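Quick one, what's the 3D model for this:
(chains A, B, C and D)
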Amino acid sequence: MDLYEHQGKELLRQYGIETLEGVVATTPDEAREAAEKLGGTVAVKAQVLTGGRGKAGGIKVVKSPDEARDAAEQILGMDIRGHTVRRVLIEAGAAIATEMYLSITVDRTARKPLILFSTEGGVDIEEVAEKSPESIVRLHVDPLVGLLPYQARELRFSAGLEGDVAKGVGKVLSNLYEAFTGADASLVEINPLVATEDGRVLALDAKVTVDNSSLYRHKEIAELHDVEAADPQEQRAQEAGLQYVKLDGDVGILGNGAGLVMSTLDVVAQAGGTPANFLDVGGGADAEKISAALDIVTSNPEVKSVLFNIFGGITRGDEVARGLMTAIERSNIELPIVVRLDGTNAEEGRRILAENTPQNVHTEETMLDAARRAVELGRG
Amino acid sequence: MDLYEHQGKELLRQYGIETLEGVVATTPDEAREAAEKLGGTVAVKAQVLTGGRGKAGGIKVVKSPDEARDAAEQILGMDIRGHTVRRVLIEAGAAIATEMYLSITVDRTARKPLILFSTEGGVDIEEVAEKSPESIVRLHVDPLVGLLPYQARELRFSAGLEGDVAKGVGKVLSNLYEAFTGADASLVEINPLVATEDGRVLALDAKVTVDNSSLYRHKEIAELHDVEAADPQEQRAQEAGLQYVKLDGDVGILGNGAGLVMSTLDVVAQAGGTPANFLDVGGGADAEKISAALDIVTSNPEVKSVLFNIFGGITRGDEVARGLMTAIERSNIELPIVVRLDGTNAEEGRRILAENTPQNVHTEETMLDAARRAVELGRG
Amino acid sequence: MAILVDNDTRLVVQGITGREGGFHTGRMLQGDTNVVAGVTPGKGGQDFEGVPVFNTVEEAARETGANTSVIFVPASFSADAIFESLDSGMRTVCCITEGVPVHDMLKVSDYMRMLDATLIGPNCPGVISPGKSNVSIMPQDIFLPGNVGVVSRSGTLTYQIVNELTQRGIGQSTAVGIGGDPIIGTDFIEILKKFEADPETECAVMIGEIGGNAEQLAAEFIQSEMKTPVVAYIAGFTAPEGKTMGHAGAIVSGGDTTAQAKSEALRAAGIRAATNPSEVAELVAEALRKG
Amino acid sequence: MAILVDNDTRLVVQGITGREGGFHTGRMLQGDTNVVAGVTPGKGGQDFEGVPVFNTVEEAARETGANTSVIFVPASFSADAIFESLDSGMRTVCCITEGVPVHDMLKVSDYMRMLDATLIGPNCPGVISPGKSNVSIMPQDIFLPGNVGVVSRSGTLTYQIVNELTQRGIGQSTAVGIGGDPIIGTDFIEILKKFEADPETECAVMIGEIGGNAEQLAAEFIQSEMKTPVVAYIAGFTAPEGKTMGHAGAIVSGGDTTAQAKSEALRAAGIRAATNPSEVAELVAEALRKG
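Presented below is the predicted three-dimensional model:
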């Protein structure tokens, strides 16, 4: 789960990391008020769960409350990479001396947290990695031991930091690691991390991603989840415990297991069709879930045919069949549906379907045949 | 550093472990007041840094403030295994259903914390280990991973605990582990850990030993250090950073390194003498320390001769020699002193001694010869 | 021989009385698996379809000689269950459970470095050595004893590919689903190493996905260390960039983590890379013919 | 051959600009030790008696190929220094510092289980392979190259015994002071195992103390696993019960941790046990004669 900048900063503040003073506004007038309260030069920043808002015009630095109002008027409602701006953060100004980059992510290969630091902040770290890789300091942390004092020293000396900045960055590093583990984050990124002219080190931006699997133990973070931001169908899928991604084609696809569904998409494409979505019903999907899944897929008006590919392991064929029957009955689906059922309790599932097959449901033995049939039926 | 029962309980309470209400008293009248305040039956318990106070009459259960006063009068000033009782703990009563044992120590061989639990509490764990070893549950904790929920389950099922008691013990275990690591303890022991008739689980006694090497990061615990309890010479040695243990013989012994000093004691015994003390000046001992060490050894009136055995590594022979000269001059020591100097800068040390040897200082080449000479000189 | 599980496997099921644990224990009992014990705290002394249930893994191991465990307990208790099985002497542990927090797994996988043990998963279908032992939720009827080792990040895609192999009469030595989570106990390379060392495995199948660089690292390993022929398949040719496709691991964030890029890297390392499950079986047949 | 340190040892001194670190570096430089680097944070770029000083061990290792470290930093920073040297690739680490907190050492020694590295100490005199490398605070003049391995919980007592050996013309392959703290990186058995595997070591001397049961465990190991003859000596025959004698480890709390009990256990296991340092040398001479 991604946090908005202002939420991420709130989290960082809880872990002792300094930020600039800021106020969230949802209307131009609120923005004006906030700017008045903060005084002086302020930044008006679009709150969106995507990068590149600066280039897209989502950040404006203004010198008066009225200008703040105007800036907010422009930014609110703006579309940035498919995300609509619903809130802006009005943030106080600061005299910035240097901009740095600091993040902690999970390195899957090393199976350890990875710290990245660069004295070149404020730009894409990928760009920095390309242009001046020597400016990036990389440090792995042992998950059981945690961050050690010597690692802060390595960062400091490798990056050539000195004086107050070295001290400030060291403190932020240790607090950020606490935030990373404490909030079960898979990413905490401060870009830029700035040193002010008076020697303070503070987070000018914050990107925090919290591991969804851990949300049961972070109720306060789970509550931040922004339902408005998601596509309504993706939102509905998430509530039903399904993984749904909308795509541009016309063959609706359901299956169990991310790998099998991805492979089904590929096979549909190889058969000359274009997938309308990715939908994984997950392991052990019961009738209720299958029914919800079919509803979601068919609610996309582009969908011309549906391919239903189940290879049961933890998912049982009989339940899948029952869910399918329920969904078809309930939603009165008339689109052609091609079903391919294999694995655990598949025979029982096929029996249920055979006993009561509606006109529009077709069964196929193999994945390849099922894909071809779905593409063919979709063409009318 | 050992904590008194009342200090140990204060620590346990800080970590969420329940104890009975109690008040420390240093006079019979204070004891009376405390008993009045607590009301009902109270226990008057000698506060000493040794075991076996129950058998020695150091604990009395009384039913009125006057009785508490009388009990305190008897117990205060009592000598228990060489320790004078200077304080009593007046503690409220409780309806006890069962007595258990719980401790966490450092297992040197496994290099891990070791939890010991027994449903047979209130008696020496060594006795329990002998009589009914099957009643003792042993669990090692991985230092980096910490205590895990499954370990509390293992303890519970192995010991056959049920209901509120199982829950209560589980909670105490997890809090005690926090206390053990949080206070840098080398031992935390609750004996007995009791379940009351109304289902609470609480610590009726507390024995806590804090690692001396960690005291720099536990100022509040370091301040509890009881200077009254120690032998004055041992106390003085500790302040000077020396390891001193008084023994019953008449050959004063100083050396560098615990092993070498122990071995020197052995060699003196083999030469027919009896060691008056163990004194390790430690590594890198400078003139000041050597001087203090010699003062401490010779302040014991039983000492007839002194054996000074130095094999320098981190300790430098020249500094040792200078320290020895300083101490002899300053304290006007007239006892025979046998010096054996070897190792780092030993030649320089021997030169310093040779240049300026007082009458009563004798040098020997080997440890064995030095021991024989010291024994011989002690006999006059 | 087979790898990880075989005729010597004595299995304890953690969470045996739960819905999934119970269901799959029943299925494993129908197969060749020697399920010697189950564990559910508080249900010690009961039995489940003839399998004795214990309160702790330690007790189960002591009483039954269990040496392998499979975990079906809820995600919030899974890390604890893994530690319990490792500390009780299990040397192969399969964690089927989905949704185990990443930071829990970071600690577990760090702890594994201290031990000579193998953790498969979490969020995986388990391990099956057909005709020997089934420690999985995989539909065992589709498997056939044989000489092809299968390793996969995906569960159901594994079934699909195994099914294709079996239908062509190609049997499997062991099939391992390593799981699709960001932090897993055992990766491709560790399993491929075991297949390489297994005299019974004559060909290995590696089933990958978009996202991450595990397949590229495996390609390097295969090229430099393996004599056993390997057939690979990467799912997700049609996945758009920047979208998470189900598995936490399956997110495409840059050009070189796409299925195309991975397949090309594999081919560049001289590895047969298929574009769909049927083709996998064809390439395996070809590899076995050429030896 | 020798164990732990030899002609291939490239030493980095952590805390080289401190009082003790500087003094002993000077002494090591006088001997056969290849001191390639020193580390003192903030003093990188300086040099100490010709040895380049770096800010971090990582940098020192990268620039000089250091493979072994010796630690003189204060006790409160020692655990961090050990982690730093291990993470920077040092495979033999000697921590000389006294007074390292026990809980710090519990974490360090747990971490060691993940690595193929050896930590000697803390609170130890270090390791010396006479004529090859001296990574210690031991007075190297008393050592003589030879074939007797020495392992000890005590520093100065080791010098005493080595001196007795050298005066009789008996040289040493390697002498290791493992330290007297409750939690140490390497124990008797681990060192004895290395002596047993070292073709150059023809006899081993084990110097123990009252307290604990390390010597009894070593006795079992010697009896069952070693062909190399071992001479043992336990200090503390005159120590009273219940008193701590300097070393945190040297507390006698029960009958079987006394010097008498330990010496008896050793003799019962067929091991030569001396009663004073001179006797050690005599028994070693005897063991070497009998082969």
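
Residue nearest the middle of chain C, spatially speaking?
Among the residues of chain C, the one closest to the centroid is residue C:177, at 2.5 Å (Cα atoms, centre = their mean).

so where is chain A shaky, pLDDT-wise?
A:227-230, A:284 (pLDDT under 70).

now the helices for it?
For chain A, the helices defined by DSSP state H cover A:5-14, A:28-38, A:65-75, A:125-131, A:149-159, A:163-182, A:219-222, A:232-239, A:258-270, A:287-298, A:317-331, A:346-355, A:367-378.

mind putting these in JSON lines, distance to chain C included?
Using the backbone N, CA and C atoms, a C-beta is placed for each residue, glycine as well. As requested, those are exported to JSON lines (distance: least, Cβ to the nearest Cβ, whole Å):
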{"stretch": "helix A:5-14", "distance to chain C": "15"}
{"stretch": "helix A:28-38", "distance to chain C": "30"}
{"stretch": "helix A:65-75", "distance to chain C": "23"}
{"stretch": "helix A:125-131", "distance to chain C": "8"}
{"stretch": "helix A:149-159", "distance to chain C": "16"}
{"stretch": "helix A:163-182", "distance to chain C": "6"}
{"stretch": "helix A:219-222", "distance to chain C": "13"}
{"stretch": "helix A:232-239", "distance to chain C": "10"}
{"stretch": "helix A:258-270", "distance to chain C": "2"}
{"stretch": "helix A:287-298", "distance to chain C": "13"}
{"stretch": "helix A:317-331", "distance to chain C": "9"}
{"stretch": "helix A:346-355", "distance to chain C": "8"}
{"stretch": "helix A:367-378", "distance to chain C": "6"}
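
thinking again about what came up before, look up phi and psi at the residue nearest to the centre of chain C.
Note on residue C:177: its backbone torsions stand at phi -100, psi 110 [degrees, to the nearest 10].

Tell me which of the helices of chain A sits most buried.
Of all those, helix A:258-270 has the most neighbours on average by mean count of other Cβ atoms under 10 Å in any protein chain shown, namely a mean of 28.

Please compute how far that one lies from its chain's middle.
Helix A:258-270 sits 22 Å away from the centroid of its parent chain (Cα atoms, centre = their mean, to the nearest Å).

Just want the residue of the stretch 201-350 of chain A that's nearest chain D.
Chain D sits closest to residue A:201 of the stretch 201-350 of chain A, with a gap of 19.2 Å, by Cβ to the nearest Cβ.

Which parts of chain C belong to which domain?
Domain ranges of chain C: C:1-123, C:143-291, per automatic domain parsing.

can you tell me which of those domains the model trusts least?
Note on the domains of chain C: lowest mean pLDDT is at domain C:143-291, with a mean of 89.

tell me the SS of the nearest residue to residue C:1 once chain neighbours are set aside?
In space, residue C:1 comes closest to residue C:200 once its chain neighbours are excluded; the distance is 4.7 Å by Cβ to Cβ, 6 or more residues apart in numbering or on different chains. The local conformation at residue C:200, judged by DSSP: H, G, I helix; E, B strand; the rest coil, is coil.

buried stuff in stretch A:334-341?
The neighbour-count check on stretch A:334-341 (16 or more other Cβ atoms under 10 Å in any protein chain shown) flags A:335, A:336, A:337, A:338, A:339, A:340, A:341 as buried.

beta partners of residue A:202?
Beta-bridge pairing of residue A:202 under DSSP bridges involves residue A:194.

can you tell me how far it sits from residue C:215?
Residue A:202 sits 41 Å away from residue C:215, taking Cβ to Cβ, to the nearest Å as the criterion.

Equivalent analysis for residue C:17, please.
Distance from residue C:17 to residue C:215, counting by Cβ to Cβ: 38 Å.

more crowded one of these two?
Applying other Cβ atoms under 10 Å in any protein chain shown to residue C:17 and residue C:215 shows that residue C:215 carries more neighbours, namely 28 against 17.

residues touching residue A:310, list them.
Residues counted as contacts of residue A:310 (Cβ atoms under 8 Å, 6 or more residues apart in numbering or on different chains) are A:255-256, A:281, A:317, A:320, A:339-343, A:346, A:349, C:156.

export those residues to JSON lines and tack on distance to residue D:119?
JSON lines is the format used below for the contacts of residue A:310 (distance: Cβ to Cβ, whole Å):
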{"residue": "A:255", "distance to residue D:119": "52"}
{"residue": "A:256", "distance to residue D:119": "50"}
{"residue": "A:281", "distance to residue D:119": "52"}
{"residue": "A:317", "distance to residue D:119": "57"}
{"residue": "A:320", "distance to residue D:119": "57"}
{"residue": "A:339", "distance to residue D:119": "62"}
{"residue": "A:340", "distance to residue D:119": "59"}
{"residue": "A:341", "distance to residue D:119": "59"}
{"residue": "A:342", "distance to residue D:119": "55"}
{"residue": "A:343", "distance to residue D:119": "52"}
{"residue": "A:346", "distance to residue D:119": "57"}
{"residue": "A:349", "distance to residue D:119": "60"}
{"residue": "C:156", "distance to residue D:119": "47"}
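
quick check, nearest of the residues you listed to residue A:59?
The closest of the contacts of residue A:310 to residue A:59 turns out to be residue A:281 (Cβ to Cβ; 40.6 Å).

check contacts around the residue in the stretch 51-200 of chain C that chain A sits nearest to.
Here the stretch 51-200 of chain C gets closest to chain A at one residue, residue C:154, 2.2 Å apart by Cβ to the nearest Cβ. Residues counted as contacts of residue C:154 (Cβ under 8 Å, 6+ apart) are A:257, A:258, A:259, A:260, A:262, A:263, C:177, C:180, C:207, C:209, C:235, C:247.

Lovely, talk soon.
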